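Provided below for reference: sequence and predicted model.
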Amino acid sequence: MRTLTFNRPESFNAFTVTLKEAFLAALQQAAADESVRAVVITGAGRAFCAGQDLKEHIGLLQAGDPAPLHTVEKHYNPIVRELIGMPKPVIAAVNGSAAGAGASFAYAADLRIAGQSAKFLMAFANVGLTADSGASYTLPRLIGHGRAMEMMLLAQPVGAEEALRVGMVNQVVPDAELQATAHLLAAKLAAGPTTAYAKIKEALAAAADGTLEDALEAERRTQADCGATEDHREAVDAFVNKRAPKFSGR
């Protein structure tokens, strides 16, 4: 298990270019490291992530630097691809505010656990922008088109309990228990059939935008892949012999 913590608490973990590049590199390393079987993403201090660091952003714009105009292509899109395509479970442990890109990255995780003080804010319209960081794809799939549109247009915060009610998060726990709960879940997943988890992610992604036939083909392919794993043989043997399976991720 690996924990990735946004660590700019004095700025509510807002994304500078440096932080975006470091986060992308850390995700790539976690994806490639076979010893990492689950990933937890969280924020230091009182916030998960406030999204784009607007102080840096406006400074670069005023200086005529073209970098802010390319950050979606260079940083945010690759980050979302890494999160969604990560061949192992990703858990977002949302502490405090998750806004803009920060909220979007939480949506791109496989599971979301929120502390009671967590709140989600799609504030793009407030700064004259549209959605990025995959939110136009992930958020409607979590809560439906109508609610996603409401969040985008009105830019009103959604608290933890409302987020749980509409399906934006999987669990809400007291703030003091958030990290322990997320790490316990990650440890449980890390001890499980991680190849099967990767194939489940692949199959659901294929079905999200496809036809029934696309979904059935993805299930055929991924089930065949899983059926050839040591984990599958181990699990079947354990079931027949009435013992707990020991998964290796192979």
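Perfect, thanks for sending it.

now do the strands in the chain.
Using DSSP state E, the strands of the chain run over residues 2-6, 39-43, 47-49, 90-94, 97-99, 111-115, 119-121, 158-159, 171-173.

centre of the chain to the fifth one, how far?
I take that to be strand 97-99. 13 Å (C-alpha atoms, centre = their mean, to the nearest Å).

now do it, average pLDDT.
Averaged over strand 97-99, pLDDT sits at 96.

can you list contacts of it?
The contact list for strand 97-99 (C-beta atoms under 8 Å, 6 or more residues apart in numbering) reads 12, 46-51, 106, 118-123, 157. Using the backbone N, CA and C atoms, a C-beta is placed for each residue, glycine as well.

what is the most widely separated pair among these?
Arg46 and Met122 (19.9 Å; C-beta to C-beta).

more neighbours, these two?
Met122 (27 against 13; other C-beta atoms under 10 Å).

distance of the more buried one from Ala99?
Going from Met122 to Ala99 by C-beta to C-beta, to the nearest Å gives 8 Å.

likewise for Phe12?
8 Å.

and if you look at Val236?
46 Å.

with Ala182 instead?
In terms of C-beta to C-beta, Ala182 sits 20 Å off from Ala99.

can you check Gly51 too?
Applying C-beta to C-beta to Gly51 and Ala99 gives a distance of 5 Å.

hey, what's in contact with both of these two?
Ala123.

from Gly192, how far off is the most centrally placed residue in the chain?
In the chain, the centroid-proximal residue (C-alpha atoms, centre = their mean) is Ala109; its distance is 1.8 Å. Applying C-beta to C-beta, the value for Ala109 to Gly192 is 17 Å.

try Met122
Counting by C-beta to C-beta - Met122 and Gly192 are separated by 33 Å.

also Met151?
33 Å.

neighbour count winner among the two?
A count of neighbours by other C-beta under 10 Å puts Met151 above the other of Met151 and Gly192, at 26 against 18.

so what's that one closest to, chain neighbours aside?
Nearest residue to Met151 in three dimensions, chain neighbours excluded: Met122, at 4.4 Å (C-beta to C-beta, 6 or more residues apart in numbering).

where does this structure dip in pLDDT?
Of all residues in the chain, those with pLDDT under 70 make up the ranges 56-69.

please enumerate the helices of it.
Using DSSP state H, the helices found in the chain span residues 17-32, 54-62, 67-71, 77-85, 101-108, 135-143, 145-154, 160-166, 178-190, 194-208, 212-227, 230-240.

JSON lines for the ones you listed, including distance to Thr3?
Output for the helices of the chain, formatted as JSON lines (distance: least, C-beta to C-beta, whole Å):
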{"stretch": "helix 17-32", "distance to Thr3": "10"}
{"stretch": "helix 54-62", "distance to Thr3": "25"}
{"stretch": "helix 67-71", "distance to Thr3": "25"}
{"stretch": "helix 77-85", "distance to Thr3": "15"}
{"stretch": "helix 101-108", "distance to Thr3": "15"}
{"stretch": "helix 135-143", "distance to Thr3": "22"}
{"stretch": "helix 145-154", "distance to Thr3": "28"}
{"stretch": "helix 160-166", "distance to Thr3": "21"}
{"stretch": "helix 178-190", "distance to Thr3": "7"}
{"stretch": "helix 194-208", "distance to Thr3": "17"}
{"stretch": "helix 212-227", "distance to Thr3": "27"}
{"stretch": "helix 230-240", "distance to Thr3": "24"}
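
can you give the domain ranges for the protein?
2-190, 194-240 (automatic domain parsing).

and Met152, how far from Phe6?
23 Å.

could you do Glu213 as well?
In terms of C-beta to C-beta, Glu213 sits 41 Å off from Phe6.

re earlier: I'd say the residue nearest to Met151 and Asp132 touch.
No - applying C-beta atoms under 8 Å, one finds Met122 not in contact with Asp132, separated by 10.6 Å.
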